[in-house]
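**Q** 3D, please:
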Amino acid sequence: MKKIILIVSCLALMFTGFGQDARKFYEQGIEQAEAGNFEEAIKLFTKSIDIQPEDYYSWYNRGIAKNRLGLYEESLPDFNQTVKLAPEYKKGYLNRGTTKKRLTDYEGALSDYSYAIKL
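**A** As a prediction, the model looks like this:
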């Protein structure tokens, strides 16, 4: 029984540390994006995603940073993952729609905009 408690305690500490690291990278990514350093922001959001891949905010903000650099094709998978992880997150659909529009997928853009309006 003591071994199980020790293992659970160690796992809890380990996962808590990972979450804090992911949050740190996310916050640094936001700071870099706000300063206009989008390439650095992308690297930091990627580190956050590597640690905590279920955090849709990191996917979303990495997509935004890629868009700001004109990397529309590269940002689309980030927005796809955003709406997969958070299907009620309106901004995910709006920005995916904008990205699709920039890639001349007007039907896809209209579909995302329409869905966002319904949310």
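
**Q** Who are the contact partners of the residue nearest to residue 38 when sequence neighbours are not counted?
**A** Spatially, and ignoring its direct neighbours in sequence, residue 38 is nearest to residue 65 (4.4 Å; Cβ to Cβ, 6 or more residues apart in numbering). Quick note: C-beta positions are derived from backbone N, CA and C, even for glycine. Each residue near residue 65 by Cβ atoms under 8 Å, 6 or more residues apart in numbering is listed here: 29, 33, 38, 41, 42, 45.

**Q** from memory the fifth one sits against residue 67, does it?
**A** No - distance between residue 42 and residue 67: 10.7 Å, which falls outside the contact criterion (Cβ atoms under 8 Å).

**Q** So for the two, which sits in the more crowded spot?
**A** Using other Cβ atoms under 10 Å as the criterion, residue 42 and residue 67 rank with residue 42 on top: 25 against 20.

**Q** Quick check: the more buried one vs residue 111, distance?
**A** Computed as Cβ to Cβ, to the nearest Å, the residue 42 to residue 111 distance reads 27 Å.

**Q** Now do residue 4, the pLDDT please.
**A** With respect to pLDDT, residue 4 scores 46.

**Q** Beyond the least confident helix or strand in the chain by mean pLDDT, next helix or strand please.
**A** When each helix and strand of the chain is scored by mean pLDDT, DSSP states H and E, helix 2-34 comes last, with a mean of 67. Reading on from helix 2-34 to the C-terminus, the next helix or strand found by DSSP states H and E is helix 38-51.

**Q** now what about that following helix, what contacts it?
**A** Against helix 38-51 from outside (Cβ under 8 Å, 6+ apart): 18-19, 21-23, 25-26, 28-30, 32-33, 55, 58-59, 61-62, 65-66, 68-69.
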